[in-house]
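[1] no sequence on hand, only this structure:
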């Protein structure tokens, strides 16, 4: 078990120690942006001294926020470190005098070289090789943020985070095996459906977002949208009928009542067989400590959903990683 | 032509003048939340002294941001002033000592009564009675923000705003009549399609969002999603084929290159007949002054899109305002 933050994270924090930080920007694209929303959620909850914003990388550069300057910390993420917009965002942030920390699997990548500090993480999805979830992008981001909150005079949330990260692997494996039969049945149910929505709120919204845009749309060419569970009742719920398909994440953060309200509506007006609700209250979360217990759930949900996606891909004959028409097949756009 | 901010706005600003404001929260639900994203865009661009956040009202209350307190200003919006979550957000914000300003059509409504200050706006959509767009929710929000930025030592952007608001009506009417034939053709084209996406970035994202969730999904039961033009290339673009239907807003704010990039991709890989791109560069914007010229475009786009929606509704035989199954038909959810 880790008993301290990783040396590279401590190194980045040490370099930041003398700086005023009046604003944090969490900047990335697509799946990497999806982890920034929970990062902002954690800062919003626990860091009254750190206003935080999560922005798509091109939006960040073009918007050129007036608060971006020497008093800003910009945290960026790109798996390969080659995402052009994110590299440009790092360069732009540095040109404005901001501190920059990049998360990437490839520290020698353009993003790794563009940022002032670089933190390496691991991802199982592209390689297929299992990783310790404590080494994932979420985990590294949370360690960085916990260290930053402690450094800026907030609560020291690092000990429960480190303990939780050590317990995370079995929690994820438990949820995956417990849900395997339901995932099989749901994949069969929706394999030919044109639209599958995802829904969540709070710290889980990013997982719903990335599953909609990076898996259902990108990897399976299925129409989707991540609906915020609180926004659901202000428009989107009108699409609900007995045929509507929804994947709903029900977590344990303070927004759970919104997710529960959405579930009750879907169960009442939809066909329960078309609703996959993944409820963290049914998971064995032994070893996860507050407040991270709730904040680490996106990792659990996402790994479960990834299993579902593989089942769906097999049934549809649309391979997850090679079934693309544009991404990494054409580059001149 | 207005030569000063409205008295009620000046009154709210006067009441705020003595307060420290270290954080602005822009809080609402659905269509009213959609105007808060451009509000945040304006603050991000022009108010280095005011960190700003736009949040769904239930998310705001449940997240209970650590920066919410006496140093916060919470701006809320609800057309009828009866949106339960938004009323609760106003009460929650006041209980934390924050200053609150509500925008609503009904100052005597629960939201109007819950907030410290209330600003009235007008909307044509529910009544069908044309309004001066200078009295709309966007306009009132922008006047409030322009006044706030001036008060806090930022640039005085009120004069170009007031001039632009006076010119807005003819600009909108011009765009509507110029685009009428294209809207007719596109409504015929997509009337039986299961999925119609919307796309924009920057200050226009809110208009794309509200058209997707409040019009296509809510009023026409058509599957939709508002895709951020910068995020499009990180997943969603894989759904593009010759049958894919997209409504794209191409504005004039600094994120225009992202919207143009998305358009080029759609024109290359989609069927141009299935793409409705509304390009502000083709509009007659006489009288709109920088920087508001770009920031007022969501109002132009939305009125044009509303015309399109009426055409679509007629062709589909699905009435815009009564064709609901849940909203205002059941209340126990």
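    Nice, thanks for sending it over. Just so it is clear, the model here is predicted, and its values are computed rather than measured.

[2] the helices in chain A, which residues?
    Using DSSP state H, the helices of chain A run over A:7-16, A:30-34, A:36-46, A:57-63, A:84-95, A:110-114, A:124-127, A:137-151, A:158-190, A:205-210, A:218-220, A:256-269, A:292-295, A:297-316.

[3] hmm, stretch A:305-312 in reach of chain B?
    No. If you take Cβ under 8 Å from any Cβ of the partner chain as the test, stretch A:305-312 misses chain B, and the best it gets is 12.9 Å. Backbone N, C-alpha and C define where each C-beta goes, glycine included.

[4] out of the helices of chain A, which gets the lowest mean score?
    Mean pLDDT is lowest for helix A:124-127 among the helices of chain A, at a mean of 64.

[5] how many neighbours does the closest residue to chain B within the stretch 201-333 of chain A have?
    Closest approach between the stretch 201-333 of chain A and chain B, counting by Cβ to the nearest Cβ: residue A:234, at 2.6 Å. Using other Cβ atoms under 10 Å in any protein chain shown, residue A:234 has 27 neighbouring residues.

[6] what's the answer for residue A:321, then?
    Using other Cβ under 10 Å, residue A:321 is surrounded by 11 other residues.

[7] how confident was the prediction at it?
    pLDDT, residue A:321: 84.

[8] picking up where we left off before, list the contacts for the residue of the stretch 201-333 of chain A closest to chain B?
    By Cβ atoms under 8 Å, 6 or more residues apart in numbering or on different chains, the residues touching residue A:234 are B:29-31, B:33, B:83, B:213-214.

[9] now, among these, which is nearest to chain A?
    Nearest to chain A out of the contacts of residue A:234 is residue B:30 (Cβ to the nearest Cβ; 2.6 Å).

[10] surely the closest one meets residue A:228?
    No. With contact defined as Cβ atoms under 8 Å, residue B:30 does not count as touching residue A:228 (10.0 Å).

[11] what sits up against stretch A:185-199?
    Residues from elsewhere that reach stretch A:185-199, judged by Cβ under 8 Å, 6+ apart: A:208-209, A:211-212, A:216, A:222-229, A:232, A:236, A:239, A:243-249, A:259, A:262, A:273-274, A:276, A:308, A:311-312, A:315-316, B:194-195, B:223.

[12] kindly report the same for stretch A:119-137.
    The contact list for stretch A:119-137 (Cβ under 8 Å, 6+ apart) reads A:2, A:6, A:8-9, A:12, A:32, A:35, A:77, A:79, A:101-107, A:139-140, A:144, A:165-166, A:168-169, A:172, A:299, A:303, A:306, A:321.

[13] repeat that for stretch A:275-291.
    Stretch A:275-291 is contacted from outside by A:45-46, A:157, A:160-161, A:163-164, A:166-168, A:170-171, A:174-175, A:178-179, A:182-183, A:186, A:245-252, A:263, A:266-267, A:293-294, A:296-297, A:300-301, A:304-305, A:308, using Cβ under 8 Å, 6+ apart.

[14] just the buried residues of those residues.
    Buried residues within the contacts of stretch A:275-291, defined by neighbour count using 16 or more other Cβ atoms under 10 Å in any protein chain shown: A:45-46, A:157, A:160-161, A:163-164, A:166-168, A:171, A:175, A:179, A:183, A:186, A:245-252, A:263, A:266, A:293-294, A:296-297, A:300-301, A:304-305, A:308.

[15] for chain B, what are the nearby residues on the stretch 51-200 of chain A?
    Contact residues (Cβ under 8 Å from any Cβ) of the stretch 51-200 of chain A with chain B: A:51, A:53, A:56-59, A:62-67, A:69, A:83, A:85, A:194-195.

[16] residue A:10: how many residues sit nearby?
    By the measure other Cβ under 10 Å, the count of residues near residue A:10 is 13.

[17] so it touches residue A:2, yeah?
    No. Here residue A:10 lies out of contact with residue A:2, judged by Cβ under 8 Å, at a distance of 11.7 Å.

[18] ok, and the closest non-adjacent residue to the residue in the stretch 1-150 of chain A positioned nearest to chain B?
    As assessed by Cβ to the nearest Cβ, chain B sits closest to residue A:30 within the stretch 1-150 of chain A, at 2.6 Å. Among residues not flanking residue A:30 along the chain, residue B:234 sits closest, at 2.6 Å (Cβ to Cβ, 6 or more residues apart in numbering or on different chains).

[19] pLDDT wise, what is that neighbour at?
    Confidence score, pLDDT, at residue B:234: 98.

[20] quick one: buried ones out of the contacts of stretch A:119-137?
    Neighbour-count burial (16+ other Cβ under 10 Å) is assigned, among those, to A:6, A:8-9, A:12, A:32, A:35, A:77, A:79, A:101-107, A:139-140, A:144, A:165-166, A:168, A:172, A:299, A:303, A:306.
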